[in-house]
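**Student:** Just to be clear, the model below is a prediction. Sequence and coordinates:
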Amino acid sequence: MLNAADQEPERFTKALAIGSRLRAMRHLTGLSLVAVEAMSDQEFRASVLSSYERGERAISVTRLQRLAKFYNIPVYLLLPPEDVSRFRWAETEDTGASPASPHPALLGSPEKITIDLVKLLAGVGPERELLRRFLNAIQVQRQDFNGRMMTIRTRDVSVIACMLGVTPDAMGHRLDDLGLRVV
């Protein structure tokens, strides 16, 4: 049994992990701390949000939900990957649905995945918006603007998986669900 002193490092680690996700999400939306404060009618003060992002202050579940709503994303995208799998499993137990299992071809870590950019641009939703922004950054970095499809390199697979709230091994399956993966 852990005592309070032993639990403190775990709380700090969780606060850092969630803070990192909060900062990444804010950066992906292109907003500054001051912009979030202004756009939220000062519900999320810049100084408080900054302390959440640095892991100096723990965020409550209710506040995390409100922030996810502000960013127009599912709350699990703000959780660290190890918490996401538990959260998504619990989410499927509540609805009676079974959790998605990885596509057999994706049981190993994929080397590269190709995404259909035309289909990505045609759809709407928070996951697609995150993907659009991230892939646009990759296009700028690579100076690759063919506009039809993009092959994601191994080092980017885990970043996209994190954004989609899945493991890198299950990312191809999630992209299949969104109709974006070129097979």
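**Tutor:** Nice, thanks for sending it over.
**Student:** contacts and neighbour counts: CA atoms only from here.
**Tutor:** Will do.
**Student:** domain ranges for the protein?
**Tutor:** Domain assignment for the chain by automatic domain parsing gives 4-79, 109-182.
**Student:** Work out for me the element the residue nearest in space to the middle of the chain sits within.
**Tutor:** Central residue of the chain (Cα atoms, centre = their mean): M163, 2.6 Å from the mean position. M163 is part of helix 154-164, with elements assigned from DSSP states H and E.
**Student:** so what does that helix touch, helix or strand wise?
**Tutor:** Applying 3 or more Cα pairs under 8 Å, 6 or more residues apart in numbering; DSSP states H and E, we find helix 154-164 packed against helix 126-142, helix 171-177.
**Student:** Could you give the average pLDDT over the helix or strand following the last one?
**Tutor:** Toward the C-terminus, helix 171-177 is succeeded by strand 181-182 as the next helix or strand (DSSP H and E). Strand 181-182 carries an average pLDDT of 90.
**Student:** Against which helices or strands is strand 181-182 packed?
**Tutor:** Using 3+ Cα pairs under 8 Å, 6+ apart: strand 181-182 touches strand 113-116.
**Student:** Against which helices or strands is the strand it packs on packed?
**Tutor:** strand 149-152, strand 181-182.
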